[in-house]
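# Give me a model of this one.
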Amino acid sequence: MKNTFNTKSILDTEIDNKIVICRVDYNVPFNPSTGEISDDSRILESLPTINYLLKHNCKILLCSHLGRPNGKVVDELKMERIYDRLQSLLNTNVKLSKDSIGTHTIDLLPGLKPKEILLLENLRFHKEEESNDLNFAKQLAAFAELYVNDAFGVSHRSHASVDAITNFLPSYSGILMQKEIEMLNQVTNSPNLPFTVILGGAKVSDKISVIDNLKQKANSFVIGGGMAATFIHASGYKTGQSPIETEYTKFAENLMLESQNTNFEMIIPKDVIVSEKFSIDSPYRTTSIDNIDDNEMILDIGPQSSILFSEKINQSKTLLWNGPMGVFEFQQYSSGTKNIAEKLSQLKTATTIVGGGSTAEITRALNLHQNMTHVSTGGGATLEFLGGKILPGISKLNQKDKET
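Model (predicted):
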């Protein structure tokens, strides 16, 4: 599959016996009670690239951020727990540096052998990482002969290890990055039709660029989650205490009017689950969208909406889903989201793409991720890509797309 960016990956270049610095996204969550990694999927997703480099006799430096230390050393955000997990997953020698740059890394490099890995300390312990500092990037680049970006989740950030470093080394996408580019390019450029976009989550404002960019390609937009309240309000119905983005009501109105005269349709909930309180155990009821009381708020789509949405899903050949249908964290308001996830997972021939962030976390929590065509590892990066924006972590690789 040809990708729009024509980005060269590590599969397209000679990498045997090279010293490679690879940007990965190991910003994983931890269990607050035990301190252990609660979801290691980002580490697992990096293994194909790492194993490919090992197979080609490379010396590998892995670099990532963890959390938001704001340019200071924070003990609980050190990479040691990542290092322990990597060691358990890889059949090779893994070393851990006490810094991302500086003398400790410099001292460890001469002893690094082919098919060995050096994990650098948290990049964001240096404020220069997030300021895209050229000198910091140059110091990182000085360790290696070739740069690989396999961190799609941060590819929308102009940070030193994502952006500035490409000024100093031949730069390629890793296997995960290439997969993300190709799958998301397929959706934005050449989806098999009918193409349905399912959008949820709290805010219309987060999804405007996605809608604007995809409405020329998509046949249907299915709207749920908190953002559905703005569309329901724009359709002339009362929405009680549901948060409304009043500054985007006109956008929602115009979009629904536009859909009446064009080739895409807007599908909003017919019924919703409402409560007077935002609480895990609050009393609730199911009602049509024309019967929401002033003191109630929308917390999930209703069963008739789930049926309506499922019918549209069954008619589609390409589906993109980003954003929960309700307050998934509360069991009694999670049915809409579960129904969408389960319906997508049951499709045999359609292309199903889950758009990262909380949607990916939900899909994994339901153990349905293996049944989807692709579950994106990005959050903001996925939304920006789908919104047609230029991501520096990809565009800079594209600029390196030449023989080296």
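# pLDDT weak spots in the stretch 301-404 of the chain?
398-404 (pLDDT under 70).
# The chain now?
If you take pLDDT under 70 as the line, the chain has these spans: 1-5, 398-404.
# Show me the domain layout of it.
As assigned by automatic domain parsing, the chain contains the domains 10-175, 191-386.
# Can you convert those into a markdown table and add a column each for mean neighbour count and distance to residue 397?
In short, each C-beta sits where N, CA and C put it, glycine included. Compiled in a markdown table, these are given as follows (neighbours: other CB atoms under 10 Å; distance: least, CB to CB, whole Å):
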| stretch | mean neighbour count | distance to residue 397 |
| --- | --- | --- |
| domain 10-175 | 19 | 5 |
| domain 191-386 | 19 | 14 |
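# got a list of what the residue lying closest to residue 17 once chain neighbours are set aside touches?
Distances taken as CB to CB, 6 or more residues apart in numbering place residue 57 nearest to residue 17, at 5.0 Å, with adjacent residues excluded. Residue 57 makes contacts with 16-17, 114-115, as judged by CB atoms under 8 Å, 6 or more residues apart in numbering.
# Now with 10 Å, please.
15-18, 113-115 (CB atoms under 10 Å, 6 or more residues apart in numbering).
# That one: which element?
For residue 57, there is no host helix or strand (DSSP states H and E).
# Next, it: phi, psi?
Backbone torsions of residue 57, given as degrees, to the nearest 10, read phi 70, psi 30.
# Of the domains of the chain, give the one that comes closest to residue 395.
With CB to CB as the measure, domain 10-175 is the member of the domains of the chain nearest residue 395 (9.1 Å).
# can you give me the end-to-end distance of that closest one?
Terminal residues of domain 10-175 are spaced 7 Å apart (CA to CA, to the nearest Å).
# Break down the stretch 1-150 of the chain into its strands, ranges please.
19-23, 59-63, 94-96, 117-119, 146-149 (DSSP state E, counting those that start in this stretch).
# What segments of the stretch 251-400 of the chain are helices?
Taking DSSP state H, counting those that start in this stretch, the helices of the stretch 251-400 of the chain run over residues 303-314, 335-346, 357-365, 380-386, 392-399.
# ok, so what distance separates the residue nearest to residue 17 from residue 344?
Distance from residue 57 to residue 344, counting by CB to CB, to the nearest Å: 41 Å.
# now the helices of the stretch 251-400 of the chain in TSV, with distance to residue 322?
Formatted as TSV, these follow (distance: least, CB to CB, whole Å):
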stretch	distance to residue 322
helix 303-314	14
helix 335-346	11
helix 357-365	5
helix 380-386	7
helix 392-399	19
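# Could you say which one of the ones you listed comes nearest to residue 297?
Among the helices of the stretch 251-400 of the chain, helix 335-346 sits nearest to residue 297 (CB to CB), with 14.8 Å.
# which secondary structure elements does the closest one contact?
Judged by 3 or more CB pairs under 10 Å, 6 or more residues apart in numbering; DSSP states H and E, the packing partners of helix 335-346 are strand 195-199, strand 271-275, strand 297-301, helix 303-314, strand 318-322, strand 351-354, helix 357-365.
# one more time with 6 Å
helix 303-314 (3 or more CB pairs under 6 Å, 6 or more residues apart in numbering; DSSP states H and E).
# can you give me how far the helix it packs on is from the chain middle?
25 Å (CA atoms, centre = their mean, to the nearest Å).
# Show me what that helix is packed up against.
Helix 303-314 packs on strand 220-223, helix 335-346, going by 3+ CB pairs under 6 Å, 6+ apart.
# tell me the angle of that helix relative to helix 335-346?
20 degrees (axes from the mean of the first three to the mean of the last three CA atoms, to 10 degrees).
# who touches helix 303-314?
Contacts of helix 303-314 with the rest of the structure, by CB atoms under 6 Å, 6 or more residues apart in numbering, involve 196, 220, 222, 269-271, 336, 339, 343.
# One more: stretch 232-244?
By CB under 6 Å, 6+ apart, stretch 232-244 touches 229-230, 249, 252-253, 289-290, 292-294, 296-298.
# Which members of those occur in strands, if any?
297-298 (DSSP state E).
# Return the member of the contacts of stretch 232-244 nearest to residue 136.
residue 230 (41.9 Å).
# from what I can see the closest one touches residue 250, true?
No: using CB atoms under 6 Å, residue 230 makes no contact with residue 250, being 10.3 Å away.
# need the contact list for residue 317.
Residue 317 neighbours (CB under 6 Å, 6+ apart): 192, 194, 350.
# ok, the closest residue to residue 214 other than its chain neighbours to residue 250 distance?
Leaving out its chain neighbours, the residue that sits closest to residue 214 by CB to CB, 6+ apart is residue 197, at 5.7 Å. Relative to residue 250, residue 197 is positioned 21 Å away (CB to CB).
# try residue 138
For residue 138, the distance to residue 250 - CB to CB - is 48 Å.
# what do you get for residue 15?
52 Å.
# now do residue 262
Counting by CB to CB - residue 262 and residue 250 are separated by 18 Å.
# Also residue 108?
To residue 250, residue 108 is 58 Å away according to CB to CB.
# now swap in residue 161 and tell me
41 Å.
# go on, residue 105?
For residue 105, the distance to residue 250 - CB to CB - is 54 Å.
# One more: residue 146?
From residue 146 to residue 250 the distance is 50 Å (CB to CB).
# repeat for residue 30
For residue 30, the distance to residue 250 - CB to CB - is 42 Å.
# for residue 295, same thing?
26 Å.
# Likewise for residue 60?
Distance from residue 60 to residue 250, by CB to CB: 52 Å.
# likewise residue 74?
44 Å.
# ditto for residue 40
Applying CB to CB, the value for residue 40 to residue 250 is 44 Å.
# what's the answer for residue 335, then?
The value you get for residue 335 to residue 250, if CB to CB is used, is 31 Å.
# Need the nearest residue in space to residue 142, chain neighbours excluded.
Per CB to CB, 6+ apart, closest to residue 142 is residue 168, 7.7 Å.
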